[in-house]
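> Pasting a predicted model and its sequence here:
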Amino acid sequence: MMAGVLASTRLAEVLLALKIAFLVLLYLFIWRIVRTAARELRTPHQDSMILTPAAAASVGLGAAAPPAPRAPRLVVQRSPSFQPGHEFAIDSAPLTIGRAAQNDLALAGDEFASARHARIEARRDGVWVQDLGSTNGTYVNGARIEGAHRLEPGDVLRVGETDLRLETKARRGAS
Amino acid sequence: MSYRNRELASLVAVGVLTAIGFASVYISLKSQLSAGSLGYAAFFFALYLAAHVVARLTVPQADPYLLPIAGLLTAIGLTEIYRLGPRDAFRQGLWIVIGVAAFAGALVWLRRDYRVIESYKYLFGIGALALLFLPLAPVIGQTVNGARLWVHVGPFQFQPGELGKIALIVFLAAYLREKREVLAQGRLKDWGPLLSIWGGSMLVLFATDDLGSALLYYGIFLGMLYVATARVAFVAAGLGLFLVGAVAVYRGTPHVRDRVLNWLEPWTTHKVYCPLNGRMTFRQDCQSYQEVQSLYSIAHGGFGGTGLGHGTFTTATGRQVIPDLRTDFIYSALAQELGLIGAAALLLLYMVFVLRGFRVALVASDGFSKLLAAGLSFGFALQTFVIVGGILRVIPLTGITLPLVSYGGSSVVSNFLLLAGLMLVSNRANRGAA
C-alpha cells in the first residue's frame, strides 16, 4: 500500500519533469529557428549592392553634382539579361527600359520587369528616371519612386530584377 | 554548418522531443516506467533520417528547418493520436510512412528542374477541379457529417480535396506567372478567370456543403493573385464577392446557417428546437455540443496543461466527450494537455514553418518559383487558420484538418508533397545565390 502511494507520487514527479522538459525543449527549438531567421534578415544578400546617398557621398560622388557631368552611363550590377559590368551610355536621347524588345534596354529575361517599365532622360540639371506605370515599380536605392526622380551619381536603379548604377566619372584606372 | 548538417541537428532535437512526448503518454496510460515508448521515437527518428538522406542527395541547398518542423508537427500529432487511441496511431504511422515516401519520390523525380511541371499547368488545373468534384460522383462519393467530401474505394477512403489543393496551387502559380501583366492592368475582360474561379468555388460550396474547402481554395486564389499583381483592389473586390456569395449561401443552405448560429450563439439560456432529435433542448446540448465541449476542453487545460496523457476526453462511462477529436478537433485535445503554453508553441511552429516558406518565395529567382512557394506557404497558413480559428470561435467552424497533426491519410500525404515542393524551390533559390 505504502509502496503504491510512493510509486504513484514518483510517477507524477516523472511526468511533471517530462512535461517541463518537453515544453522547454519545444521553445528552445523554436527560438533557434527564429534566431537564424532574424540573422538572415539583418544581412539581406539581395540589397548588398545598393549604395545609400551617404555612402555615395563618402566615396566622392557628392550630392551637389555639377550639371551635365562627363559621360553619364548606367552600369549593370545584376540582371537576368545582361552581364554585370555591361554599360549603357546616356546621351541626349531618352532611354527606355522594359521587357519588350523595342526598348533601348531590353530586359528580355527579366520576368519582373513590365513591357515598358521606365524611361531615363538626361536633362540640363542631371539624369532623370520616370516610371511608366510598371507593375512592380521602379526603385532608386531601394525606395520606390513616384513620377520623375533625379538620379545622383552612384544611385542604384532597380527595374524588375535588374540593378543599374549611374556612373559619371571616367572608368577607374583610366583617370 | 552546412544546410543539411543543421537539418540533422534539428532532427535530433525532434527525436528527443518525440521520445519525451511518447514517454509521458506511455507512462500515464500504463502507470509504469518503461522503455517501450522509445520504440516510437526510434521509429520516427529512423523515418526522418531516411527523408534527410534523400534530401541530402537530391536537394542539398534546401532550407534546413522545413523538414524538422514538419517532422515535429507529425510527431506531436501522432503522440496525441496514440494517446487518444493506440490503434489509430498505427494506421496514422502507416500514412506518415506513405507521406515520407511520397515526399522522397517527389524530390527524386523533380530533383533536376521542378519547373517542368509548369508546362502541364492545365493538366493540374483540370486535375484540381476533378478532385474537387470527385466526392459528388454517385457510387464512390460519401457524405460524412453533412459535408460530402469523401471518396470511398474498397477499403480505402480519402479526401481528394486535399490533393486538389496542391494541384490548384501549381496551376495558379503557372497561370498567374503567364498572365500577371494583363491581370495587373485590370481591364474588365481580364477578370474572367477571377470570376470563373469564384463561381467554381461557390459551386463546390453549394454542391458539397463544404465551407472549409471553399474558403481555403478561394483564399489561396486571392492570396496568389495578390502576390502576382500587387493590387490591393483585387483582394478587396475578391473579398466583396466572397461576402456576397457567403450571404447567398447563408440564405440558401440550412447547413451553413447552423454553422453561423453555432458560431455566434453556441450557448442558449432558453430551450430551442433541436433538429437532431426533434426535441426542445439548449443549443449547447444539441447542435453546438461539439464546439462547446471543445471550448471546455481547452479551458480545462489552463495555463500549463494537464500533461500529455492526463487530459479528460471521455466521460466516466467511457464515452468520448468531443466527436471527431482526432481529426478536426485535435487542436483542442492538444490545448488541454499542453495548456496555453504548449498550444502557443504549436501555433508558433506553424508560424515559423510559414515564415521559412515565405522566405523561400522571397529568395526564389523566377516568377513561377516565387508564386509556387508563396502559394504553398499561404495555403498551409490559411488551412491552419481556418481550423484553429474555427475551434477558437474566431470564424465559423468548418471541418478541415490541422495540417500534419490531424488524423487522416490524405491530409498527411498532401502536406508532405507540399513540403517537398517548398524544399525543391528552396534548393534552387539557394543554389543560385551561392
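Nice, I can see it. Residues are numbered from 1 along each chain as shown, chains lettered A, B, ... in the order given.
> And the strands in the stretch 51-200 of chain B?
All strands of the stretch 51-200 of chain B, identified by DSSP state E, counting those that start in this stretch, fall at B:141-144, B:147-153, B:156-158.
> do the stretch 301-434 of chain B as well
Taking DSSP E, counting those that start in this stretch as the criterion, the stretch 301-434 of chain B carries no strands.
> Chain A now?
Secondary structure of chain A (DSSP state E): strands at A:73-78, A:87-89, A:95-98, A:105-106, A:118-123, A:126-131, A:138-140, A:143-144, A:148-151, A:156-159, A:162-167.
> leaving aside the residues next to it on the chain, what's closest to residue B:293?
Spatial nearest neighbour of residue B:293, excluding adjacent residues (C-beta to C-beta, 6 or more residues apart in numbering or on different chains): residue B:322 at 4.8 Å. Placement of C-beta: from N, CA and C, glycine included.
> Distance of residue B:41 relative to residue B:11?
Separation of residue B:41 from residue B:11 (C-beta to C-beta, to the nearest Å): 12 Å.
> Please work out the average pLDDT along stretch B:425-434.
Stretch B:425-434 comes out with an average pLDDT of 79.
> which residues touch it?
Residues outside stretch B:425-434 that contact it (C-beta atoms under 8 Å, 6 or more residues apart in numbering or on different chains): A:45, B:3, B:58-63, B:66, B:113-114, B:360-361, B:363-365, B:369, B:372-373.
> try 6 Å
B:59, B:61-63, B:360, B:363-365, B:369, B:372-373 (C-beta atoms under 6 Å, 6 or more residues apart in numbering or on different chains).
> before we move on, what about stretch B:165-172?
Contacts of stretch B:165-172 (C-beta under 6 Å, 6+ apart): B:117, B:121, B:124-125, B:127-128, B:224, B:375-376, B:379, B:414, B:417.
> Which residues are in contact with residue 74?
I'll assume chain A. Residue A:74 neighbours (C-beta under 6 Å, 6+ apart): A:88, A:164.
> that answer is for a different chain, and I need it for chain B
Neighbour list for residue B:74: B:96, B:404 [criterion: C-beta under 6 Å, 6+ apart].
> and it, how far is that from residue B:423?
Following C-beta to C-beta, the distance that separates residue B:74 from residue B:423 is 15 Å.
> can you check residue B:266 too?
Residue B:266 is 41 Å from residue B:423, by C-beta to C-beta.
> Comparing these two, which residue is more hemmed in?
residue B:423 (27 against 19; other C-beta atoms under 10 Å in any protein chain shown).
> Please work out how many residues are found near the closest residue to the more buried one other than its chain neighbours.
Spatial nearest neighbour of residue B:423, chain neighbours left out: residue B:62 (4.1 Å); criterion: C-beta to C-beta, 6+ apart. Residues near residue B:62, counting by other C-beta under 10 Å, number 27.
> Read off the pLDDT value for residue 65.
Answering for chain A, as no chain was given. The model's pLDDT for residue A:65 equals 44.
> Let me rephrase: I mean chain B.
In this prediction, residue B:65 has a pLDDT value of 92.
> Now it. Its backbone dihedrals?
phi -100, psi -20 (degrees, to the nearest 10).
> mind listing what it touches?
Here residue B:65 is in contact with A:33, B:356 (C-beta under 6 Å, 6+ apart).
> Equivalent analysis for residue A:84, please.
Contacts of residue A:84 (C-beta under 6 Å, 6+ apart): A:76-77.
> Mind doing that once more with 8 Å?
A:76-78.
> just residue B:226 next, same as before
B:232, B:234-235.
> Next, work out how far apart it and residue A:152 are.
Counting by C-beta to C-beta, the gap from residue B:226 to residue A:152 is 34 Å.
> where do the helices sit along the chain?
Let's take chain A. A:2-42, A:53-58 (DSSP state H).
> ah, no, chain B please
Counting by DSSP H, the helices of chain B are B:3-30, B:38-58, B:66-84, B:86-109, B:121-133, B:160-185, B:192-208, B:211-229, B:232-252, B:254-264, B:289-301, B:330-363, B:367-391, B:409-433.
> highest average neighbour count across the ones you listed?
helix B:66-84 (a mean of 26; mean count of other C-beta atoms under 10 Å in any protein chain shown).
> quick one: that one to helix A:2-42, angle?
Here helix B:66-84 runs at an angle of 160 degrees relative to helix A:2-42 (axes from the mean of the first three to the mean of the last three C-alpha atoms, to 10 degrees).
> I'd like to check the angle between helix B:66-84 and helix B:86-109, please.
Using the same axes, to 10 degrees: helix B:66-84 against helix B:86-109 is 160 degrees.
> which ones are touching the closest residue to chain A within the stretch 251-400 of chain B?
The stretch 251-400 of chain B approaches chain A most closely through residue B:367 (4.3 Å), counting by C-beta to the nearest C-beta. Contacts were defined as C-beta under 8 Å, 6+ apart; by that measure residue B:367 touches A:111-112, B:177, B:180, B:228.
> redo that, cut-off 6 Å
For residue B:367, the contact set (C-beta under 6 Å, 6+ apart) comprises A:111, B:177.
> Just the pLDDT for it.
Taking residue B:367 on its own, its pLDDT is 86.
> so how far is residue B:106 from it?
21 Å.
> what's the neighbour count on residue A:148?
12.
> The helices of chain B: lowest mean pLDDT?
Minimum mean pLDDT among these: helix B:192-208, a mean of 70.
> So for residue A:85, which of the helices of chain B sits nearest?
helix B:409-433 (19.1 Å; C-beta to C-beta).
> That closest one vs helix B:367-391, what angle?
140 degrees.
> Up against chain A, what does the stretch 251-400 of chain B have?
Listed as neighbours of chain A in the stretch 251-400 of chain B under the rule C-beta under 6 Å from any C-beta of the partner chain: B:307, B:341-342, B:345, B:348, B:352, B:367.
> want to throw the residues you listed into JSON lines with distance to residue A:157?
Shown next, in JSON lines, are these (distance: C-beta to C-beta, whole Å):
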{"residue": "B:307", "distance to residue A:157": "59"}
{"residue": "B:341", "distance to residue A:157": "49"}
{"residue": "B:342", "distance to residue A:157": "50"}
{"residue": "B:345", "distance to residue A:157": "45"}
{"residue": "B:348", "distance to residue A:157": "40"}
{"residue": "B:352", "distance to residue A:157": "35"}
{"residue": "B:367", "distance to residue A:157": "21"}
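> So residue A:117 is in contact with residue A:134, correct?
Yes: counting by C-beta atoms under 6 Å, residue A:134 is a contact partner of residue A:117 at 4.4 Å.
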